[in-house]
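**Q** Return atomic coordinates for the entry below.
(one chain, ligands or ions: 2)
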Amino acid sequence: MRYLHTMVRVTDLDQSLDFYCNKLGLVEVRRTESEKGRFTLVFLAAPEDRKGAETAGAAFGSRGAPLLELTYNWDPETYTGGRSFGHLAYEVDDIYATCDKLQKAGVVINRPPRDGVMAFVRSPDNISIELLQKGEAKPSAEPWASMPNTGAW
Ligand SMILES: C[C@@H](O)C(=O)SC[C@H](NC(=O)CC[C@H](N)C(=O)O)C(=O)NCC(=O)O
Ligand code: NI
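**A** Ligands and ions are numbered 1, 2, ... in the order given. Next comes the predicted model:
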């Protein structure tokens, strides 16, 4: 068995691709449209997972890398995100630089990386995204070090 992807439904595909690709840094590896089903599926990979995604193709998404599957239903629906869904987690090379970039792009840092390890942001559809520092915790750095820690950790 192998983990393939997590699917989230999005209310605005362009807005979501701007967030997940232009701001968060994911890359589109595959897109499928269904005229009959009236929906679009877009598979996104983190840059370091991209090779696996492209080399192990399959009818629906890749067998070669963990992906995020955005589902856009052409007919508007209201999605009430269940409490049971938690978050998507990504490892980053520099938690402070990532949060700086996201904040400058207008993304709210719900849980600032005060500890040099973990931060949380939200997608346009309020999906929680966890950002985790690769390797050891980064030494404290302003302005993050003095920001209140809104998370439980
Ligand atoms: C491509 C593969 O990874 C899929 O997940 S296709 C699954 C299929 N998705 C859809 O039909 C998308 C449109 C649908 N209106 C929806 O919002 O899901 C499906 O079976 N979806 C049902 C589900 O519970 O995921
Ligand atoms: Ni799927």
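**Q** Now the element after the lowest-mean-pLDDT helix or strand in the chain, going C-ward?
**A** Using mean pLDDT, DSSP states H and E, helix 50-55 stands out as the lowest-scoring helix or strand of the chain, at a mean of 71. Sequence order places strand 67-73 as the next helix or strand after helix 50-55, per DSSP states H and E.
**Q** Can you tell me the strand partners of that next one and which way each runs?
**A** Its sheet considered, strand 67-73 pairs with strand 5-9 (parallel), strand 39-45 (antiparallel) by DSSP bridges.
**Q** So which of those strands is the most surrounded?
**A** A comparison of the strands paired with strand 67-73 by mean neighbour count, using mean count of other Cβ atoms under 10 Å, puts strand 39-45 on top with a mean of 20. Where you see a C-beta, it was placed from the backbone N, CA and C, and this is true even at glycine.
**Q** So is that one next to ligand 2?
**A** No - judged by Cβ under 5 Å from the ion, strand 39-45 and ligand 2 are separated, with a smallest distance of 7.5 Å.
**Q** outside of that strand, which residues touch it?
**A** Contact with strand 39-45 is made by 5, 13, 17, 20-21, 26-34, 52-53, 60-62, 65-74, as judged by Cβ atoms under 8 Å, 6 or more residues apart in numbering.
**Q** Run through the residues that contact the residue lying closest to residue 141 once chain neighbours are set aside.
**A** Spatially, and ignoring its direct neighbours in sequence, residue 141 is nearest to residue 96 (5.1 Å; Cβ to Cβ, 6 or more residues apart in numbering). Applying Cβ under 8 Å, 6+ apart, we find residue 96 in contact with 113, 116, 138, 141, 144.
**Q** residues from the protein in reach of ligand 1?
**A** Taking Cβ under 6 Å from any ligand atom as the criterion, the chain approaches ligand 1 at residues 7, 9, 37, 39, 41, 60, 61, 69, 71, 73.
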